[in-house]
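[1] Quick one, structure for this:
(one chain, ligands or ions: 1)
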Amino acid sequence: MRAAVLALQGAFAEHERILGDMGVECMEIRQERDAYRDFDALILPGGESTAMGKLLRDYHLLDLLKERIENGLPVLGTCAGLILLAKQLDGGGIPHLGTMPVTVKRNAYGRQLGSFSTEADMEGAGRIKMIFIRAPYIVEAGEGVEVLARVDGRIVAARYGKQIGVAFHPELADCRCVYEMLLKK
Ligand code: GLN
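    Here you go, the predicted model:
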């Protein structure tokens with residue numbers, strides 16, 4: 001079992017640490033040739049989705065990863081990673097991988113609530129701590145998308161086939177259950 005972590009920008013090291021603690025072998029995706037390597041699951045970290053999207057394009061990774069995800073590669077997108085997966089961005093903006101039929105709203109909680117943490121139930125993971133940092137939420141889930149968690153009525157976690165998108169940061173809460181859901185796929 002080997003997990004690949006997109007390591008262009010953002011909070012990738014934290015994902016590697018938690019996966020390492022779980023005994024999962026990790027590799028980083030930094031350039032085109034990495035995307036051809038053998039791995040069983042992909043993690044798209046939090047960070048800045050616009051910057052990551054640009055780097056994905058500049059390094060010719062966008063189409064390669066999109067194709068692998070569409071062919072059934074299990075993927076977990078956290079925060080900006082969820083934005084990378086989304087097919088549509090609320091208020092316009094160019095989608096990036098666009099493999100998950102959801103519409104996400106970026107920086108959705110306003111300035112005052114830019115960062116906060118709470119506890120909520122997530123289907124398949126139980127009651128977990130959720131840390132939000134200038135997070136998005138899902139304003140619309142398309143056909144075939146299973147809603148896994150809501151906070152204040154807003155969708156903050158969803159699954160579409162083997163793709164899991166969460167608006168929060170499981171790597172900062174040491175929340176292994178979200179990774180277990182991915183690796184079970
Ligand atoms: N606000 C960031 C974005 O729009 C996401 C923040 C995060 O990943 N913590 O890309």
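[2] so who does the spatially closest residue to residue 125 that is not a sequence neighbour touch?
    Nearest non-adjacent residue to residue 125, counting by C-beta to C-beta, 6 or more residues apart in numbering: residue 177, 3.9 Å away. Where C-beta positions appear, they are placed from N, C-alpha and C, glycine not excepted. Shown in contact with residue 177 (C-beta atoms under 8 Å, 6 or more residues apart in numbering): 122, 124, 125, 126, 128.
[3] Repeat that for residue 25.
    So residue 25 contacts 1, 2, 3 (C-beta under 8 Å, 6+ apart).
[4] Make sure the second one is actually in contact with residue 40.
    Yes: contact criterion C-beta atoms under 8 Å: residue 2 and residue 40 qualify, at 5.7 Å.
[5] ok, back up a step: so of the contacts of residue 177, which ones are in strands?
    122, 126, 128 (DSSP state E).
[6] which one of those sits closest to residue 114?
    residue 128 (20.8 Å; C-beta to C-beta).
[7] My understanding was that the closest one contacts residue 120; is that so?
    Yes: with contact defined as C-beta under 8 Å, residue 128 counts as touching residue 120 (7.2 Å).
[8] out of the two, which sits in the more crowded spot?
    Neighbours per residue (other C-beta atoms under 10 Å) separate residue 128 from residue 120, with residue 128 holding more: 20 against 15.
[9] Excluding covalently adjacent residues, which one is nearest to the more buried one?
    residue 175 (5.1 Å).
[10] Equivalent analysis for residue 122, please.
    Using C-beta to C-beta, 6+ apart, the closest residue to residue 122 is residue 149 (4.1 Å).
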